[in-house]
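*Asks:* Next one to model:
(one chain, ligands or ions: 2)
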Amino acid sequence: WKDLVEFQGLWIGAHRGGAALGPENTLETAMLGFQAGAHFWELDVQLSADGVPVVIHDETLARTTDAPVLYPQRRPWSVWDFTQAELETFAAIPGVWRIPTLREALAVTRRLQWLVNVEIKGRAEHHDRLVRETLALITELDMVPRVLLSSFHLGVLRRCREMHQEVKLGVVVKEAVKDPVRLVQDVKAFSFHPAQRHLRRETVRRCREAGVPVIAWTVNDAASAQKLHGWGVSAVISDRPHELIEQETSKED
Ligand code: G3P
Ligand code: MG
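*Replies:* Numbering: from 1, shown residues only. Ligands and ions are numbered 1, 2, ... in the order given. Prediction:
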């Protein structure tokens, strides 16, 4: 991740592994993102009922798994109401592709010598344990240099920093913010992750000047990626990394 500060090109990250390539937040889809040439992947992490960090975006299993079919009586299928062993039995599409644990996701990333942006989601009352378990896994698997931990929740980022002084942190924001550099520096983070629709050129300039890489999401078309790159954005997170990479490569030829 260190290289991102000085890098003049544009890094492409695979959002949820590359959500246009296959079921989101699965190892198989992340593999496709890797094969397409993405510089890193982004995943979302939450806690199971028995305290295992698992890779899933929504607070419920309804949209991305077959849990509602298997357990109609366990509505609303909140992620934290199921143990990891139960979560493992649900498929993202019938018969295949299940919810990975963070341990598996980190292990695959390490084997590929790839990079991963782990976004901490979940309920506020789970955050303390989720942060603790996530940091424990990152340390155990020797993944500190390959992980960028991010969150919309500043409290989560502060907690991460209290518990670990070296891991890289990213501040994710949905809305326009007045002083992004201060926000990043306040929580001793590395990067700023704005939603592209609220991003202004001036914001990117200020970040760049302060040595703060900007990682914009979710950027799915090459023209937007180009524009953002022109503004000084360091990386974009995309559902369609394969298309953006193709565009970058054809530019170089
Ligand atoms: O981390 C950037 C992006 O993933 C945040 O939005 O809802 O896709 O997790 P979401
Ligand atoms: Mg995310």
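*Asks:* residues from the stretch 1-150 of the chain in reach of ligand 2?
*Replies:* For the stretch 1-150 of the chain, the contact set with ligand 2 under CB under 5 Å from the ion comprises D44, E119. Glycine gets a C-beta too; all of them are placed from N, C-alpha and C.
*Asks:* Contact residues of the stretch 1-150 of the chain facing ligand 1?
*Replies:* Counting by CB under 6 Å from any ligand atom, the residues of the stretch 1-150 of the chain close to ligand 1 are H15, E42, D44, H57, E119, S150.
*Asks:* ok, and the most crowded of the residues you listed?
*Replies:* Greatest neighbour count in those, by other CB atoms under 10 Å, goes to E42: 31 neighbours.
*Asks:* That residue in helix, strand or coil?
*Replies:* Secondary structure state of E42, per DSSP: H, G, I helix; E, B strand; the rest coil, is strand.
*Asks:* quick one, strands of the protein?
*Replies:* For the chain, the strands defined by DSSP state E occupy 11-15, 40-47, 53-55, 91-93, 96-98, 116-120, 147-151, 168-173, 191-194, 215-217, 235-238.
*Asks:* Out of those strands, which gets nearest to V5?
*Replies:* strand 191-194 (9.0 Å; CB to CB).
*Asks:* and the residues of the stretch 1-150 of the chain next to ligand 1, which two are the farthest apart?
*Replies:* H57 and S150 (13.5 Å).
*Asks:* residues touching the residue of the stretch 51-200 of the chain found nearest ligand 1, list them.
*Replies:* Across the stretch 51-200 of the chain, no residue is closer to ligand 1 than E119, which sits at 4.4 Å (CB to the nearest ligand atom). Each residue near E119 by CB atoms under 8 Å, 6 or more residues apart in numbering is listed here: E42, L43, D44, V45, S150, S151, V172.
*Asks:* Which residue, other than its chain neighbours, is closest to the first one?
*Replies:* The shortest distance from E42 to any residue other than its chain neighbours is 4.3 Å, reached at N117 (CB to CB, 6 or more residues apart in numbering).
*Asks:* where's the residue of the stretch 51-200 of the chain closest to ligand 1 relative to E140, distance?
*Replies:* Distance, E119 to E140, using CB to CB, to the nearest Å: 20 Å.
*Asks:* So in terms of bridging, what pairs with the residue in the stretch 51-200 of the chain that ligand 2 sits nearest to?
*Replies:* Nearest residue of the stretch 51-200 of the chain to ligand 2: E119, at 4.0 Å (CB to the ion). Assessed by DSSP bridges, E119 has beta-bridge partners D44, S150.
*Asks:* and stretch 141-148, average pLDDT?
*Replies:* Mean pLDDT, stretch 141-148: 98.
*Asks:* Quote the end-to-end distance of that stretch.
*Replies:* Here the two ends of stretch 141-148 are set 14 Å apart, with distance taken as CA to CA, to the nearest Å.
*Asks:* For that stretch, which residues meet the burial criterion?
*Replies:* For stretch 141-148, burial by neighbour count (16 or more other CB atoms under 10 Å) applies to L141, M143, R146, V147, L148.
*Asks:* what does stretch 64-75 give?
*Replies:* Residues of stretch 64-75 classed as buried by neighbour count (16+ other CB under 10 Å): T64, T65, D66, A67, P68, Y71.
*Asks:* export these to a markdown table and tack on pLDDT?
*Replies:* Listed next are those as a markdown table, based on pLDDT from 0 to 100:
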| residue | pLDDT |
| --- | --- |
| T64 | 95 |
| T65 | 95 |
| D66 | 93 |
| A67 | 94 |
| P68 | 94 |
| Y71 | 95 |
